[in-house]
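Participant: Here's my sequence, what's the structure:
(one chain, ligands or ions: 1)
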Amino acid sequence: MAELLTSEELTSALTHLPAWRHSGSSITRTVEFASFPQAIQVVNRVAEIAENDDHHPDIDIRWRTLTFVLSTHSAGGLTSKDTALATEIDAVIEAIRPESGE
Ligand SMILES: C[C@H](O)[C@H](O)[C@H]1CNC2=NC(N)=NC(=O)C2=N1
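Facilitator: Presented below is the predicted three-dimensional model:
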């Protein structure tokens, strides 16, 4: 089972994940897309990655805005699985979204 990150490890990992906000036992990123179909394209790609990694985000879908919440439930907090998945989600967002910025 993945180990909880120490606060030093988490702080260091978050320097590479500037769009993510840490709160308690999870990290969160909210992002708006150009359209609902584009947001769903991102959800579908993230779903494939999550199945492959056997690590699943909570995803809130509001029209064209997605919020991803990552936590390792089995560990009761944040592990390297969450920071790895956040990095993969960032790559999907950048690949699919035409413009940059939040
Ligand atoms: C059996 C399977 O490995 C577990 O249920 C996985 C599936 N996906 C998961 N996803 C997340 N975010 N946390 C978990 O603890 C978790 N556990």
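Participant: residues in this protein within reach of the ligand, list them.
Facilitator: By the rule C-beta under 6 Å from any ligand atom, the part of the chain lying against the ligand is 54-56, 71-74. Glycine gets a C-beta too; all of them are placed from N, C-alpha and C.
Participant: Could you rerun that using 5 Å?
Facilitator: 54-56, 72-74 (C-beta under 5 Å from any ligand atom).
Participant: Show the buried residues in those.
Facilitator: Among the residues of the chain next to the ligand, those buried by neighbour count (16 or more other C-beta atoms under 10 Å) are 55, 72.
Participant: hmm, which two among the residues of the chain next to the ligand are most spread apart?
Facilitator: Greatest spacing in the residues of the chain next to the ligand, by C-beta to C-beta: 54 and 73 (12.2 Å).
Participant: As a check, name the ranges of all helices in the chain.
Facilitator: Secondary structure of the chain (DSSP state H): helices at 7-14, 36-53, 80-96.
Participant: For the residue most central in space within the chain, give me its contacts.
Facilitator: Centroid check for the chain by C-alpha atoms, centre = their mean gives residue 86 as the closest residue, at 3.8 Å. Neighbouring residues of residue 86 by C-beta atoms under 8 Å, 6 or more residues apart in numbering: 17, 20, 27, 29, 68, 70.
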